[in-house]
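**Q** I'll drop the sequence and a predicted model, then ask my questions.
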Amino acid sequence: MKEVTSIISDYLKNPETDFAFFINGQWGSGKTYFLKNKLFPEIRRIEASVNRKGEPIYFQPVYISLFGTSNVDEIYERLLLELNPMLKSKGAFFLKNIFSKGASFFNISWFGKDDFKDYLSVFSIPNNKVLFFDDLERIEKDCLNGILGHINAFVEHQNLKTVIVGDEKILEEKVSDYKRTKEKLIRFTSAYEADIKGVFDDMIQTYPSEYKEFLIRSKDFICDLYAKGEHKNLRTLHFNLDIFGKIFHSLDSLKSNKYYNEILDRFLYFATAYSIEYKKEKDNENLQSLENISNRFIPLADIDFGSSNLWDISKKEEEPKEKTYEEVFREKYLVFDNHRFDYFSEIAQYIHSGFLEEKGLLIQANNIISELIRNETSKESEIIKRLGNLFLLEDNELQPLFEEVLQKVENGDFDLIAYPNIFSFFMKIEYFKLENFSIDEAMYKTFQKGMDISKTRAKYYEAFRYKIPIWDNSDTNGKKKYQPIADYATDANDSLFEIQMKSYADKIFSLIQENKGQEAYDCMVNSEFQFVPIFSFLNPETVFNQLKVSKNNTIMYFHDGIHGRYPSDTIHQKLKPDILFFSELLDIINQYVHSINVENRKISIVCFEYISKAITQLMKKYESSNRY
C-alpha cells in the first residue's frame, strides 16, 4: 500500500521520534507479506545517516515475530537472534547448547533469563535499525501489557524507529486500558487491507508453469469470487490455490478432451467459493446444505410473474423472512452468467480432510463431458437461457422458439431434471397471454412423453428433488398446475434408483464370478455409490457360494472392499439394508468356518475369517453410529 509506505518513509526521516507506528489489519490479510516483500525493500533505500567517510548508511528493518511468546523476557532473546543472524545457525545453536550444558556441569551460569536484556542494554542497538514487532495480538494475554512496556523502552529510551503490526480489535479485547497504552506508545495508525489482485501474481510464482498459466487466465474470476464473498484473507487464497493445484493435475488424462477447460472452470468455481465459505463459516450443517445449490436453471423464485398473482389468488403481504444460508450463498456467488456452478462432493471432502478421491473426481469430469456432448445436439443450455431472458426476445422470435422447445420436449432431447424448469417457463408464457398460449392436457402428455424418453438414458440423481423448482405453497392454483410435472419427473428419477443400483450390484457380482478381484474392489469403494445400499440387491447366500469357489485373491479383495467402502467410524442410517445383507453373510460364513475340521484348514478358510472380522467391525461401527 502506497499510503503506508509513504507514512513510514516520513516517520524514518524524522530525526527525533519518541513514538511507535502501528499497522492495523486482520489476521491473514497479508500484513507480513506486505512488510517483507513491499515495505522492507523501500526502507533499505532510505538513508539514515553517513559514516566517517561520508558514505550513506541506510535503514535496516529487523523483523521480530511475537507469535507464541509466553514470557516477557522472550522479546529480548528473539531480538538478539534477529540482530545476530549467526546465532540462528545450527552450528551456533549446537555450541550454545554445549557451553550451556558444560557450564551447568561446573555449576557456572551461561546466559540466564535476564542476560539477553542486559546484553542489549550494554550494547545499544544501532539507530539505523527499524524494529518491526509482528503478531502482537497473538501473544498470551497475561504478558501482553508487559511486552508493550518493553517495546515502549526501545521507543522512549533508545529512540529507535519502531513499527508494531497487529489486529487492533483483538488488542482492545486483550489489553487492559488499551486506549491509554496506545496514546503513550503510538502516534500514528495505518489500516492495512489485503489486496487480493495485488498479491495474486506474486503468490502464484512458485507453482508449476502449466498450472500458473491456468491461474493467470482465471485470475479475474477468482478475485471476483473473493470480492463477492467479501473475503480478503490471503491465507485462504493460498490454501485455495494449493488445493486446486492437486485437482488441476489429477485431470491430466483429459488434457486432449475438447471440454477440458470447461471441466476445470466448473471445478474451480466450486472449489473457490467453497474454500471461502469453509474458512469463514466452518459450520458443517450450512456447508452440507450447499449440495442443493446449482445455477443450471433459474430458480422458480426468481421468475417474475408480475405484481398480481398468476391465477388471481389474493395474497397477504408477508413480513420479510430472514434469509437462509443457501439464499445468502446464492446472492453472493451465483452471479456469473457464463459460469456453471454445481456441487462436487469429492472437492468438498478434499477441502475438509486433505484427501482427494481422484477416481470419483474423474467420474464427475466424465459426467460433465457426457452432458456437454448431449447439449451440443439438444442446445439445452442455450434454450434455457433464451427462455430465462424471455423479454429480451423480439416479437417474431417467440413463436419459433415456442415450437422448437415443444418439439425437443416431446423428443426427449432434454435431461430429465430440465423438464420441470422448462414447464415453469411455459406457465410464465401463459400468464402473460403471449401468442394466446394456454396449458392444456395435450401439453402435459407432451412433457410426460419426453420425460419417458429422457429417463431411458438418465442416471439416478439423489439430490433431484432439491434441484428442481419448488412452487410456493400459498399459490394453490399455480402449484396445482405445476406439481404434476414435478411429481412425474421425480417419480421417474426415483424409479431409476432400483434399476441403476441393481445393475451396479450385478456388476460387482459378475466381477467376483470372473475372479476380477481388483475391479470388484474398485466398484465397491466407488465414491459415487458410497452412500447407496447396493448390497441390498444381492443375495448373501449366492454371494457366499460364489466366493467359496473363487480364488483366494478375489476373496481378499472382497475383504478389502468392505473396509474401503465404509472407511468412516460413522455409518449413515440409510445404509441399513447393506448392514442387513452383511449380517446374513456373516452368519453363513461363521457356520461354514466352524464346520471345517481343524486338520483340513486351508488358506481360503483364513480368508473367510478375515471377512468375518471385517463384517463384525462394520456392524459395531453401525450400531455405535445409530445407537440413539
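**A** That came through, no problem. Computed from a prediction, not measured in an experiment: that's the story for all the values here.
**Q** Ile164 contacts Phe19, doesn't it?
**A** No: Ile164 is beyond contact range of Phe19, at 10.7 Å (criterion: C-beta atoms under 8 Å). For every residue, glycine as well, the C-beta is placed using N, CA and C.
**Q** what about these two, which has more around it?
**A** Taking neighbours as other C-beta atoms under 10 Å, Ile164 and Phe19 compare with Ile164 leading, 24 against 19.
**Q** confirm that that one sits in a helix.
**A** No: secondary structure of Ile164 (DSSP: H, G, I helix; E, B strand; the rest coil): strand, not part of a helix.
**Q** and it, what does it touch?
**A** 20-23, 133, 136, 151, 185-186 (C-beta atoms under 8 Å, 6 or more residues apart in numbering).
**Q** so of these, which ones are in strands?
**A** Counting by DSSP state E, the part of the contacts of Ile164 found in strands is 20-23, 133, 186.
**Q** pLDDT added to these, as CSV?
**A** Shown next, in CSV, are those (pLDDT from 0 to 100):
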residue, pLDDT
Ala20, 90
Phe21, 90
Phe22, 90
Ile23, 89
Phe133, 91
Ile186, 87
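**Q** out of the residues you listed, which one sits closest to Arg217?
**A** Ile23 (33.4 Å; C-beta to C-beta).
**Q** what's around the closest residue to the closest one other than its chain neighbours, how many residues?
**A** Distances taken as C-beta to C-beta, 6 or more residues apart in numbering place Val165 nearest to Ile23, at 4.7 Å, with adjacent residues excluded. When neighbours are defined as other C-beta under 10 Å, Val165 has 23 of them.
**Q** OK, contacts around Val165?
**A** Counting by C-beta under 8 Å, 6+ apart, Val165 makes contact with 22-23, 25, 31-32, 35, 132-136.
**Q** on that earlier part again, from the contacts of Ile164, pick the one nearest Ser370.
**A** Taking C-beta to C-beta as the measure, Ser370 lies nearest Ile23 of these, at 52.5 Å.
**Q** got the contact list for the closest one?
**A** Counting by C-beta under 8 Å, 6+ apart, Ile23 has contacts 4, 31, 35, 163-166, 189-190, 192.
**Q** run the last query once more with 6 Å
**A** Residues near Ile23 by C-beta atoms under 6 Å, 6 or more residues apart in numbering: 165, 190, 192.
**Q** could you measure from Ile369 over to Ile64?
**A** From Ile369 across to Ile64, the span is 54 Å (C-beta to C-beta, to the nearest Å).
**Q** kindly report the same for Ser378.
**A** 64 Å.
**Q** ok, Phe402 next?
**A** In terms of C-beta to C-beta, Phe402 sits 72 Å off from Ile64.
**Q** now swap in Ser294 and tell me
**A** Where Ile64 is concerned, Ser294 sits at a distance of 49 Å (C-beta to C-beta).
**Q** before we move on, what about Gly561?
**A** 55 Å.
**Q** who has more neighbours out of those two?
**A** A count of neighbours by other C-beta under 10 Å puts Gly561 above the other of Gly561 and Ile64, at 21 against 17.
**Q** skip the chain neighbours and tell me the closest residue to that one.
**A** Gly561 sits nearest to Met524 (C-beta to C-beta, 6+ apart), 3.4 Å away.
**Q** state the number of residues packed around the one you found.
**A** Per other C-beta under 10 Å, the neighbour tally for Met524 reads 22.
**Q** renumber starting at 34 from here on
**A** All right, first residue 34 from here; so that's Met557.
**Q** just to revisit the earlier point, tell me the one of the ones in strands among the contacts of Ile197 nearest His372?
**A** Nearest to His372 among the ones in strands among the contacts of Ile197, with distances taken as C-beta to C-beta, is Ile56, at 36.2 Å.
**Q** buried residues in stretch 254-268, which are they?
**A** Using 16 or more other C-beta atoms under 10 Å as the burial criterion, the residues of stretch 254-268 that qualify are 255-259, 261-262, 264-267.
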